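Chemist: Can you look at this prediction? I've put the sequence above it.
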Amino acid sequence: MKIVRLLCVCILLLIITTAVKAQHGENDTIKVHAFITPEGDTIPMGYMPQVFVYAKMNAKWKRYWNEWTRLRNAVYVTYPYAKAASKTINEINAQLVNVTDKEKRKAIIHSKEKEMRKQFADKLTQLSVYQGKVLMKLIFRETGENCFEIIKEYKGGFNAGFWQSVAFVFGSSLKQNYDPDGQDQLMETIVRDVERMYGYRG
């Protein structure tokens, strides 16, 4: 009987020893990420694997992304022209300071106009009507004046009125303004990305 009891005690000790050893194995301590709350508490944190959900795009979102892509492409194409126009206008204004003689003013304006035509005429004629509208908005953004005011200032009211009529025929207007916080908010977001791409802003 004593031998049986002794055997049972030995078996029990063996089981306990094995369990204790198992608790101190290589997986006993698992390192995890932690998040410290503003109050100073430390909470274990883990990362869930990415889950991709695919679904068919409805007509509304298809239309939205088509319009967004069209606008983005138009901004990418026309933004350099808007910057060039702004630079030229600043140069003209700098040269016209203290020049009161009408003939000299016309000569300065004509010289810059000729320079712009030589550099951009062929490229600008390849723009679509939609891209032209975007360009006019971007010119306003860069100069603070719409195209009608710019033409009127440098070429006179008659020329401005004539080109406004032409723009109207094509469903556009030289008097387009730019509202970055309103109707042109999406365009402004795209422009900022383009500015970073061209290195105009950090």
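Modeler: Sure thing, it's come through.

Chemist: those strands in the protein, which residues are they?
Modeler: Using DSSP state E, the strands of the chain run over 33-36, 42-45.

Chemist: so how far is the last one off the chain centroid?
Modeler: Which is strand 42-45. Using CA atoms, centre = their mean, to the nearest Å, the mean C-alpha position of strand 42-45 is found 36 Å from that of the whole chain.

Chemist: What of stretch 174-182?
Modeler: Between the centre of stretch 174-182 and the centre of its chain there are 18 Å (CA atoms, centre = their mean).

Chemist: In contact with Leu96, which residues?
Modeler: Taking CB atoms under 8 Å, 6 or more residues apart in numbering, we find Leu96 in contact with Arg105, Ile108, Ile109. (Each C-beta comes from the backbone N, C-alpha and C, glycine too.)

Chemist: what about burial for these, which qualify?
Modeler: For the contacts of Leu96, a burial check counting by 16 or more other CB atoms under 10 Å picks out Ile108, Ile109.

Chemist: Quick one: find the helix or strand in this structure with the lowest mean pLDDT.
Modeler: Sorting the helices and strands of the chain by mean pLDDT, DSSP states H and E puts helix 2-23 at the bottom, at a mean of 51.

Chemist: what's the burial count for Met133?
Modeler: For residue 133 the amino acid is Lys, not Met. By the criterion of other CB atoms under 10 Å, Lys133 has 19 neighbours.

Chemist: Which ones among the contacts of Leu96 lie within helices?
Modeler: For these, membership in helices holds for Arg105, Ile108, Ile109, with DSSP state H as the criterion.

Chemist: returning to what we had before: compare the strands of the chain and give me the one nearest Gln95.
Modeler: strand 33-36 (61.6 Å; CB to CB).

Chemist: Pull the closest one out as PDB, backbone CA atoms only.
Modeler: Written as PDB, here are the backbone C-alpha positions of strand 33-36 (Å, rounded to 0.1, in the frame of the first residue of the first chain):
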ATOM      1  CA  HIS A  33       3.100  46.700 -29.600                       C
ATOM      2  CA  ALA A  34       1.700  49.000 -27.000                       C
ATOM      3  CA  PHE A  35      -0.300  52.200 -27.000                       C
ATOM      4  CA  ILE A  36       0.200  54.700 -24.100                       C
END
